[in-house]
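Participant: next comes the sequence, and after it the predicted model I'd like to discuss.
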Amino acid sequence: MSEPDRTLSYGPLPEHVVDLRLPVGVGPAPLVVVVHGGFWKAEWDRAHAGPQSAGLAAAGHVVATVEYRRVRMAGGGWPGTLDDLALLTDTVPALVAAAVPGRVDEARTVLVGHSAGGHLVTWAASRHQLPPSSPWHRAEPLPVSVVSLAGVLDLTLAAALGLGGDATQALLGGGPDERPERYAAADPARLLPTGVPTVLVHGTLDEAVPLEVSRSYAAAAAAAGQQVTLHELAGTDHMALVDPTSPAWPSVVAAVDEALRPHP
């Protein structure tokens, strides 16, 4: 696995860092912001996204692999994890472009999240759907596209299924009946339509986050008038989507390229 070319800070806290990997060549390339998964838990950090990030850089992208506060860390969970995602998605693209002049095509940025990271990137791209009273509200959508890899995209369903050992309840401080206002603010399936180009990739053999979670989000999007693309990969499990040596990897790279294509 390649080490990062540089590590930058996007905020004041030790967790507010981003590892930068550059592709071969000197011209501008699309920017991929990688948000790692791990059910929002402290024990999973950006290190496990290193091979994925190196693989995306080898595919020709500038890759920014971000860190954020997680459950059982100081300030993590509700609301700190979402605070960090709002901050980093607002600032990292310009930060990276300034750090490596001429290397980033700023008009082509995609947020890529795996598992809990899939939740976080789809949520970040939904912030303009939050009420203006929300601290995370944006007046306009982020100028990005989104790729969710086996994402936890329906928090109500995730809570009902007890995914990650009730990880959703740990993130939000309870279930949907106990914390309805938090689910309303944090669940991407409730913040549709986004108008942001969104591609979902999910394996049929995923036991950590069942395929039905991405299907539920895609159905909610369609009901809200937004078409998202869902690629179901037969015979693929949860971790294959972040493994550049897996048979699923070409489909992941293709999904990123699909998300980066111009959209009307």
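Facilitator: Thanks, I have the structure now. Residues are numbered from 1 along each chain as shown.
Participant: for Ser145, see how far away Gln227 is.
Facilitator: 13 Å (Cβ to Cβ, to the nearest Å). All C-beta spots, glycine's among them, are computed from the backbone N, C-alpha and C.
Participant: pick out whichever of the two has more residues nearby.
Facilitator: Remark: of Gln227 and Ser145, Ser145 carries more neighbours, 23 against 10, as counted by other Cβ atoms under 10 Å.
Participant: tell me the contacts of that one?
Facilitator: Thr109, Val110, Leu111, Val196, Pro197, Thr198, Val199, Ala259, Leu260, His263 (Cβ atoms under 8 Å, 6 or more residues apart in numbering).
Participant: which members of these are positioned in strands?
Facilitator: Thr109, Val110, Leu111, Thr198, Val199 (DSSP state E).
Participant: so how far is Ala170 from the last one?
Facilitator: Here the criterion is Cβ to Cβ. By it, Val199 lies 28 Å from Ala170.
Participant: and these two? Which one has more around it.
Facilitator: For Val199 and Ala170, the more surrounded residue by other Cβ under 10 Å is Val199, and the numbers stand at 22 against 19.
Participant: would you show me how to pick out the buried ones of the contacts of Ser145 in PyMOL?
Facilitator: Burial among the contacts of Ser145 is assessed by 16 or more other Cβ atoms under 10 Å; the matching PyMOL selection reads:
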select buried, resi 109+110+111+196+197+198+199+259+260
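Participant: in the stretch 51-200 of the chain, which spans are helices?
Facilitator: Using DSSP state H, counting those that start in this stretch, the helices of the stretch 51-200 of the chain run over 80-99, 116-124, 155-161, 163-172, 180-186.
Participant: pull out the buried residues from the last one.
Facilitator: What that stands for is helix 180-186. Buried, per 16+ other Cβ under 10 Å, within helix 180-186: Arg182, Tyr183, Ala185, Ala186.
Participant: pLDDT for those residues - can I get that in a markdown table?
Facilitator: Output for those, formatted as a markdown table (pLDDT from 0 to 100):
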| residue | pLDDT |
| --- | --- |
| Arg182 | 98 |
| Tyr183 | 98 |
| Ala185 | 98 |
| Ala186 | 98 |
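Participant: where does pLDDT dip in the protein?
Facilitator: By pLDDT under 70, the weakly predicted segments of the chain are 1, 264.
Participant: now do the contacts for Trp44.
Facilitator: Each residue near Trp44 by Cβ under 8 Å, 6+ apart is listed here: His36, Gly37, Gly38, Arg70.
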